[in-house]
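A.B. asks: next one to model:
(one chain, ligands or ions: 2)
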Amino acid sequence: NDTSMQHRNLNHMTREERFSEAMRRTLYALKVLLPREGWTPVGPEMKYLARAIKEFTFIIHAGVFIPCIMSYGTNEQIAKWFPLAADFRIIGTYAQTELGHGSFLRGLETIATYDRANQEFIINCPKITAMKWWPGDMGKSANHVLLMAELVIDGKKYGMHGFMVQIRDLTTHEPLPGVTVGDIGAKLSFESVDNGFLYLQNVRIPRENLLSKLSEVHPDGTYIKKGNQRLMYGSMVRVRVNLIAHEIVMPLAKACTIAVRYSAVRRQGLINPSKEEVPVLDYVAQQHKLLPQVATVFMAHFAAKQLVKMHHDYSLEVEKGNTSQLPELHALSAGMKACLSEQGAAGAEIVRRACGGHGYSCGSGLPFIVNRMLATCTYEGENTVMQLQCARYLIKCADQAKKDKLTGSVWYLSDFSNMSCTAQTFGDLQEPSVLVKLHERRAKCAVQHAGKKMQNMVKNGTPAHDAWNMMATLLINAARAHIMQYVVGTSVTYISELSCSASLKKILTQLCALYALHNINSNCGDFVKFGCLTSAQCDLAQEAEFNLLKQLRPDAVGIVDSFDFTDDILQSCLGAYDGNVYERLFEWAKQAPMNKTEVHQDSYQYLQPYLHEGRDVLEGRGRNSKL
Ligand SMILES: CCCCCCCCCCCC(=O)SCCNC(=O)CCNC(=O)[C@H](O)C(C)(C)COP(=O)(O)OP(=O)(O)OC[C@H]1O[C@@H](n2cnc3c(N)ncnc32)[C@H](O)[C@@H]1OP(=O)(O)O
Ligand SMILES: Cc1cc2nc3c(=O)[nH]c(=O)nc-3n(C[C@H](O)[C@H](O)[C@H](O)COP(=O)(O)OP(=O)(O)OC[C@H]3O[C@@H](n4cnc5c(N)ncnc54)[C@H](O)[C@@H]3O)c2cc1C
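C.D. replies: Numbers count the residues shown, from 1 in each chain. Ligands and ions are numbered 1, 2, ... in the order given. Down below sits the predicted model:
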């Protein structure tokens with residue numbers, strides 16, 4: 001209710017206005033509204049911020065830069081930089097991606113050369129492709145970067161390391177010598193974020209600015225490795241784990257709120273010719289578009305909670321020096337981020353499209369959500385690359401399953417029990433335990449199928465790396481199948497253990513079954529090909545899904561209301577709580593900058609001569625044309 005937090009109409013603002021307004025609002029929230037004893041901007045309040053503010057900035061500063069200081073800094077370095085960053089007295093970003101490389105980190109070209117005589121690192125982008133490109137908050141806001149660069153000592157390369165580099169003057173905010181920095185220009189979304197470029201030419205930093213939790217360089221240039229070097233990738237794991245809730249579950253919930261509420265209000269066409277026009281939500285086709293996406297919100301939320309818990313437990317183990325869970329966590333976080341962002345972005349577009357013409361209007365609030373969710377498929381690990389990382393781990397586990405009993409998320413790869421489905425009715429296929437088993441079996445077969453194909457190719461003389469490349473599509477499918485079984489399995493467990501009313505548990509169980517059945521019906525080729533379902537059982541699976549749509553239809557609006565987004569955060573004429581869609585759309589359009597004058601003088605000057613000729617003809621003073 002604080003008017004300083006209210007959003008002006010984003011669509012009627014320029015990009016620079018939105019950038020400035022987001023900074024004002026974010027700092028107001030973080031420096032005035034939220035701080036209390038012991039508060040830091042990376043704690044639970046960030047969840048509130050992501051929920052309460054449609055456009056805020058310093059996402060990378062708070063969501064990546066500060067956590068990296070904790071992950072990669074020594075206690076002294078944390079004590080120096082964390083308080084400054086947490087208090088916004090320095091603004092940072094995570095500068096890893098370059099103009100020439102983003103996915104293949106071993107290809108990054110920015111170099112940090114140790115200068116023993118001066119006990120400094122000389123940071124250099126040797127060519128244009130080495131320039132840092134994309135990091136959020138970097139173009140105009142950040143005055144520091146956590147720079148990921150190749151460490152070089154006496155000509156020897158030591159791989160990617162993290163360096164604290166100041167890029168702007170703390171008084172004037174001007175770029176420092178050797179620093180060329182700016183905004184990379186208009187993007188598909190994130191208008192309020194200054195994703196930037198950074199060209200560093202012989203910038204010198206003290207030896208102490210190498211973040212040295214995992215490795216350090218002594219004054220004489222001796223390199224000391226102190227921990228599992230894969231922990232250098234740890235920041236990306238943490239962001240992948242955390243972004244699912246912020247950037248996938250929450251935006252999809254907003255999109256579903258808008259689309260379901262609008263579909264309950266929008267009357268269009270007849271089902272029974274003798275009755276009146278129906279709300280489009282009564283069309284089964286519309287339910288089939290919207291309700292599985294509503295179910296996805298819940299299932300992704302439950303699975304993400306489990307992943308966050310796993311990451312938390314793993315982090316405690318790492319503090320004790322035990323990194324044994326890292327491969328499993330990397331594979332799961334990479335796969336979950338890729339598959340849920342793919343589903344979420346596709347789902348947001350499906351529900352946008354289900355709102356007809358008004359879904360194409362920015363006044364619906366849907367294009368903002370759809371465009372922003374598209375980025376989740378690329379940042380923090382491009383989805384294909386992440387799915388292949390997940391598949392790499394699955395193939396290794398499938399080999400190991402032949403001799404060992406596996407545990408963790410891949411346990412089903414060593415489950416050789418009879419998993420055939422005995423479902424005789426569509427009710428049997430709504431059973432959570434049946435749906436879990438079906439997904440486990442499909443995943444196990446998909447992983448084994450991809451592995452066998454590659455093994456046969458290698459047996460026939462194909463080099464392993466070529467077999468891997470040629471089977472990439474099967475490997476990606478195996479990763480998707482693995483994540484689907486994880487999401488369904490963890491959701492069923494989560495709901496069964498949830499202490500809530502029977503009526504709520506019934507709805508959640510129905511939503512879980514809907515999610516699983518929608519996934520089966522969207523991938524029934526796999527389920528038949530791997531012998532999980534007969535063709536007749538596939539028919540039952542479709543009947544089971546349609547039956548759930550019918551059961552959930554009466555509660556659809558109540559379910560999305562439970563997401564409890566304010567009208568201010570939805571910024572939607574279609575999804576406002578009062579349902580006054582048409583009055584809101586008209587009011588919104590009238591406020592458009594295009595309508596600040598009745599006649600648009602700049603364009604009228606081009607039209608005027610021709611309109612006056614038309615006037616003369618119609619008033620009998622001019623000659624009509626020969627057309
Ligand atoms: C906050 C909320 C709001 C958040 C809001 C968010 C806003 C936007 C934030 C965006 C910020 C960014 O985009 S920051 C930039 C993000 N960039 C990325 O994610 C880059 C993606 N690329 C990579 O991570 C890497 O290049 C790989 C993993 C693809 C390849 O690395 P590589 O070194 O070549 O490794 P590779 O040969 O494939 O594998 C070698 C071994 O390392 C293991 N390995 C690879 N990666 C990892 C890892 N992360 N952790 C552990 N282990 C790993 C492999 O499993 C393998 O083990 P074994 O099989 O040998 O045992
Ligand atoms: C909104 C946004 C915010 C970002 N914020 C940051 C940030 O704060 N900090 C930061 O460092 N970076 C940031 N990034 C950059 C982001 O991390 C990279 O864009 C991402 O890692 C992908 O790398 P790339 O763009 O170089 O694509 P590339 O790696 O060049 O990939 C291009 C395409 O090639 C294909 N491909 C690539 N590798 C493989 C493979 N091994 N197998 C099969 N296909 C492959 C894929 O189809 C891929 O889409 C951001 C990006 C966006 C869009």
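A.B. asks: which bits of this structure sit near ligand 1?
C.D. replies: Counting by Cβ under 6 Å from any ligand atom, the residues of the chain close to ligand 1 are 59, 63-64, 94, 96-97, 102-106, 136, 230, 233, 236-237, 239, 242-243, 246-247, 326-327, 330, 379-381, 385, 389, 392. C-betas here are computed from N, CA, C, even on glycine.
A.B. asks: emit the PyMOL select command for whichever of those are buried.
C.D. replies: In PyMOL syntax, the buried subset of these is picked out as below (16 or more other Cβ atoms under 10 Å):
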select buried, resi 59+63+64+94+96+97+102+105+136+236+237+239+242+243+246+247+326+330+379+380+381+389+392
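A.B. asks: keep only the residues of the chain next to ligand 1 that also lie close to ligand 2.
C.D. replies: Near ligand 2, by the rule Cβ under 6 Å from any ligand atom, you find 94, 96-97, 102-103, 136, 379, 381, 385 out of the residues of the chain next to ligand 1.
A.B. asks: narrow those to those in helices?
C.D. replies: Among these, the residues falling in helices (DSSP state H) are Val385.
A.B. asks: of all the ones next to ligand 2 among the residues of the chain next to ligand 1, which two lie farthest apart?
C.D. replies: Spatially, the most separated pair among these is Gly136 and Val385, at 19.5 Å (Cβ to Cβ).
A.B. asks: quick one: Ser420 is in a helix?
C.D. replies: No: under DSSP: H, G, I helix; E, B strand; the rest coil, Ser420 falls outside any helix and is assigned coil.
A.B. asks: leaving out the residues flanking it, which one is nearest to it?
C.D. replies: Leaving aside its sequence neighbours, Ser420 sits nearest to Gly531 (Cβ to Cβ, 6 or more residues apart in numbering; 7.3 Å).
A.B. asks: SS state for that neighbour?
C.D. replies: Note that with three-state DSSP, the state of Gly531 is coil.
A.B. asks: model confidence for it, exactly?
C.D. replies: For Gly531, the pLDDT comes out at 94.
A.B. asks: which residue is nearest the middle of this protein?
C.D. replies: Centrality entry for the chain: nearest residue to the mean C-alpha point is Thr376, 3.3 Å, by Cα atoms, centre = their mean.
A.B. asks: not counting its neighbours along the chain, what's nearest it?
C.D. replies: For Thr376, the spatially nearest residue (Cβ to Cβ, 6+ apart) is Ser341, at 3.8 Å.
A.B. asks: how far away is that neighbour from Glu76?
C.D. replies: 37 Å (Cβ to Cβ, to the nearest Å).
A.B. asks: in terms of neighbours, single out the busier of those two.
C.D. replies: The neighbour count for Ser341 versus Glu76, taken as other Cβ atoms under 10 Å, is higher for Ser341 (27 against 10).
A.B. asks: are we agreed that the residue nearest to Thr376 is in a strand?
C.D. replies: No: applying three-state DSSP, one finds Ser341 to be helix, outside a strand.
A.B. asks: state the distance from it to ligand 1.
C.D. replies: According to Cβ to the nearest ligand atom, to the nearest Å, Ser341 and ligand 1 sit 11 Å apart.
A.B. asks: what's Pro206 sitting at in phi/psi?
C.D. replies: With angles defined as degrees, to the nearest 10, Pro206 sits at phi -70, psi 150.
A.B. asks: neighbours of it, just the number please.
C.D. replies: 11.
A.B. asks: surely it is in contact with Gln119?
C.D. replies: Yes: contact criterion Cβ atoms under 8 Å: Pro206 and Gln119 qualify, at 7.0 Å.
A.B. asks: residues from the stretch 301-450 of the chain in reach of ligand 2?
C.D. replies: 375, 378-379, 381-382, 384-385, 388.
A.B. asks: and the two most separated of the residues you listed?
C.D. replies: Spanning the widest gap among those are Ala375 and Leu388, at 20.0 Å by Cβ to Cβ.
A.B. asks: check which element follows the lowest-mean-pLDDT helix or strand in the chain along the chain.
C.D. replies: Least confident helix or strand, the chain: helix 44-52 with a mean of 64, by mean pLDDT, DSSP states H and E. Sequence-wise, the next helix or strand downstream of helix 44-52 (DSSP states H and E) is helix 59-60.
A.B. asks: ok, the closest residue to ligand 2 within the chain - contacts?
C.D. replies: As assessed by Cβ to the nearest ligand atom, ligand 2 sits closest to Gly102 within the chain, at 2.1 Å. Under the criterion of Cβ atoms under 8 Å, 6 or more residues apart in numbering, the neighbours of Gly102 are 134, 382.
A.B. asks: and if you look at the one 10 residues further on?
C.D. replies: If a contact means Cβ under 8 Å, 6+ apart, then Ala112 has 121-123, 147, 149-152, 161, 163, 210 as its contacts.
A.B. asks: switch the cut-off to 7 Å
C.D. replies: With Cβ atoms under 7 Å, 6 or more residues apart in numbering as the criterion, the residues that contact Ala112 are 121, 123, 149-152, 161, 163.
A.B. asks: the residues you listed: which two are farthest apart?
C.D. replies: For the contacts of Ala112, the maximum inter-member distance is 12.1 Å, found between Val152 and Phe163 (Cβ to Cβ).
A.B. asks: of those two, which one has the most company?
C.D. replies: Phe163 (21 against 16).
A.B. asks: for the stretch 301-450 of the chain, just list every one of the strands.
C.D. replies: For the stretch 301-450 of the chain, applying DSSP state E, counting those that start in this stretch gives no strands.
A.B. asks: for the stretch 451-600 of the chain, same thing?
C.D. replies: Under DSSP E, counting those that start in this stretch, the stretch 451-600 of the chain gives no strands.
A.B. asks: quick one: the residue nearest to the centre of the chain and Leu340, what's the gap?
C.D. replies: 8 Å.
A.B. asks: need the residues touching each of these two.
C.D. replies: Counting by Cβ under 7 Å, 6+ apart, the residues touching both Thr376 and Leu340 are Ile248.
A.B. asks: what does this structure put close to ligand 2?
C.D. replies: Going by Cβ under 6 Å from any ligand atom, the residues of the chain near ligand 2 are 60, 93-97, 101-103, 134-136, 190, 195, 375, 378-379, 381-382, 384-385, 388.
A.B. asks: thinking again about what came up before, phi and psi next, for the residue of the chain closest to ligand 2.
C.D. replies: Main-chain dihedrals, Gly102, degrees, to the nearest 10: phi -140, psi -50.
A.B. asks: ditto for the one 3 residues further on
C.D. replies: Phi and psi for Leu105, reported as degrees, to the nearest 10, are phi -70, psi -30.
A.B. asks: the residue lying closest to it once chain neighbours are set aside sits in which helix or strand?
C.D. replies: Once flanking residues are discounted, Leu105 sits nearest to Met160: 5.8 Å by Cβ to Cβ, 6+ apart. Secondary structure from DSSP H and E places Met160 in strand 156-166.
A.B. asks: for Glu276, helix, strand, or coil?
C.D. replies: Strictly by three-state DSSP, Glu276 counts as coil.
A.B. asks: and it, how close does it get to Ser263?
C.D. replies: In terms of Cβ to Cβ, Glu276 sits 17 Å off from Ser263.
A.B. asks: host element of Gly182?
C.D. replies: Per DSSP H and E: strand 179-183 holds Gly182.
A.B. asks: elements contacting that strand?
C.D. replies: Applying 3 or more Cβ pairs under 7 Å, 6 or more residues apart in numbering; DSSP states H and E, we find strand 179-183 packed against strand 196-200.
A.B. asks: kindly format the C-alpha coordinates of the strand it packs on as PDB.
C.D. replies: The C-alpha coordinates for strand 196-200 follow below in PDB (Å, rounded to 0.1, in the frame of the first residue of the first chain):
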ATOM      1  CA  GLY A 196      26.100  -4.300 -20.300                       C
ATOM      2  CA  PHE A 197      29.400  -4.700 -22.200                       C
ATOM      3  CA  LEU A 198      32.800  -4.400 -20.600                       C
ATOM      4  CA  TYR A 199      36.100  -4.100 -22.400                       C
ATOM      5  CA  LEU A 200      39.100  -4.200 -20.100                       C
END
